[in-house]
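# Build me a model from this:
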Amino acid sequence: MVLFLFGEGLLLTVVGFITGGAGQMTGGGGDPVAQKKSLLMMFTNNSEATIDAIARLPSVLLVAFSATTLFLPLLIALMGFDQLAGEVGPKSMRYLIVRVRRTSIVLGKYLNQATVLAGILVLAVVAMMGTAKHLNPDFSWADTASWGLKLTIAMLVIGVTYAALTTLCSAVAASGALALFVNIIALFVFWFVSVLGNRVLLPGTQAVGLDAMKEQSVLGYIRYLVPSEFEHHLLSPDPLEYGTGVVAYLGFALVFLGLAKLALARRDL
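Below you'll find the model as predicted:
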């Protein structure tokens, strides 16, 4: 927790310094919301409603949230890669399976990691909102509270999903080192599938920004095989889009936990 919050504080310091310096260089000219909307439309595939909402956020908050969610899966992997594999190597798992069901072991290990992770993420969001409010006095307290709650829920939903992936990787590996390696490979595969799926447009999709240079192909549907494709849904003001993102992430979490339970049940421990 200390290491993560130290990294978060360093990130907020650097981003705050850069965004503050950029604001002084431009002299406050132009409409910053319009500028952010044009950048978001060019480099992201968010819906128009989502772009309109997040463009009104302070730049330090938007950049810090994006950077945190980018490295969050790796943090989770480093936190819990040995939760189950660490019991298999020294044979201590044998003392557990004669007393409790394997399903209880999987859920117990997962809930333990998820609880610690929730505490870290709540503190991280508090640090983000405090920094954003300090650097942007015009960011109202009402907006600070509402966005703080929304970002907290978004990060918790993302966190519990990748925590379930870490549990799965730890359930199939024979040692902690192998579990960490498998987890990192899984994250790399997710990233590759996401990049491959976003290189093309979905059939019938209207091109916006840089997407105008992409071709339409059914290959684009593979992007929905990874959780990160639904991340921008978690910031949408549209209830249907927001609910789709939450359900998708929790669905991935249930699949990962189910596979972890199945893997541990079939292992000779």
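# How many neighbouring residues does Val14 have?
14 (other C-beta atoms under 10 Å). Bear in mind the C-beta positions are built from the backbone N, C-alpha and C, glycine included.
# my bad, Glu231
For Glu231, using other C-beta under 10 Å, the count is 20.
# ok, now how distant is it from Leu269?
Separation of Glu231 from Leu269 (C-beta to C-beta, to the nearest Å) stands at 36 Å.
# Ser47 too?
Applying C-beta to C-beta, the value for Ser47 to Leu269 is 47 Å.
# so Glu241 makes contact with His233?
Yes - under the criterion of C-beta atoms under 8 Å, Glu241 makes contact with His233 at 5.2 Å.
# Look up the closest residue to Asn136, ignoring the ones flanking it.
Among residues not flanking Asn136 along the chain, Pro58 sits closest, at 4.3 Å (C-beta to C-beta, 6 or more residues apart in numbering).
# Can you pull the phi/psi pair for that neighbour?
Pro58 has phi and psi values of phi -60, psi 140 when expressed as degrees, to the nearest 10.
# before we move on, what about Asp238?
Main-chain torsions, Asp238, degrees, to the nearest 10: phi -80, psi 120.
# can you pull the buried residues of the helix or strand hosting Leu250?
Using DSSP states H and E, Leu250 falls within helix 239-266. Judged by neighbour count (16 or more other C-beta atoms under 10 Å), helix 239-266 contains these buried residues: 241-242, 245, 248-249, 252-253, 256-257, 259-264.
# can you check stretch 197-205 too?
Buried-residue list, stretch 197-205, by 16+ other C-beta under 10 Å: 197-198, 200-202.
# any low-confidence regions in the stretch 101-250 of the chain?
204, 206-213 (pLDDT under 70).
# redo that, cut-off 50
Nowhere does the stretch 101-250 of the chain drop to pLDDT under 50.
# Convert stretch 228-243 to PDB, retaining C-alpha atoms only.
Extracted C-alpha coordinates of stretch 228-243, given in PDB (Å, rounded to 0.1, in the frame of the first residue of the first chain):
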ATOM      1  CA  SER A 228     -10.200  -3.200 -20.900                       C
ATOM      2  CA  GLU A 229     -12.500  -2.700 -23.900                       C
ATOM      3  CA  PHE A 230     -15.300  -1.800 -21.500                       C
ATOM      4  CA  GLU A 231     -13.300   0.600 -19.300                       C
ATOM      5  CA  HIS A 232     -14.600   3.700 -20.900                       C
ATOM      6  CA  HIS A 233     -18.200   2.500 -20.200                       C
ATOM      7  CA  LEU A 234     -17.500   3.000 -16.500                       C
ATOM      8  CA  LEU A 235     -17.300   6.800 -17.000                       C
ATOM      9  CA  SER A 236     -20.300   7.100 -19.200                       C
ATOM     10  CA  PRO A 237     -23.300   9.300 -18.100                       C
ATOM     11  CA  ASP A 238     -25.600   7.000 -20.100                       C
ATOM     12  CA  PRO A 239     -27.100   4.400 -17.600                       C
ATOM     13  CA  LEU A 240     -27.300   1.700 -20.300                       C
ATOM     14  CA  GLU A 241     -23.700   2.100 -21.400                       C
ATOM     15  CA  TYR A 242     -22.500   2.400 -17.700                       C
ATOM     16  CA  GLY A 243     -24.400  -0.800 -16.800                       C
END
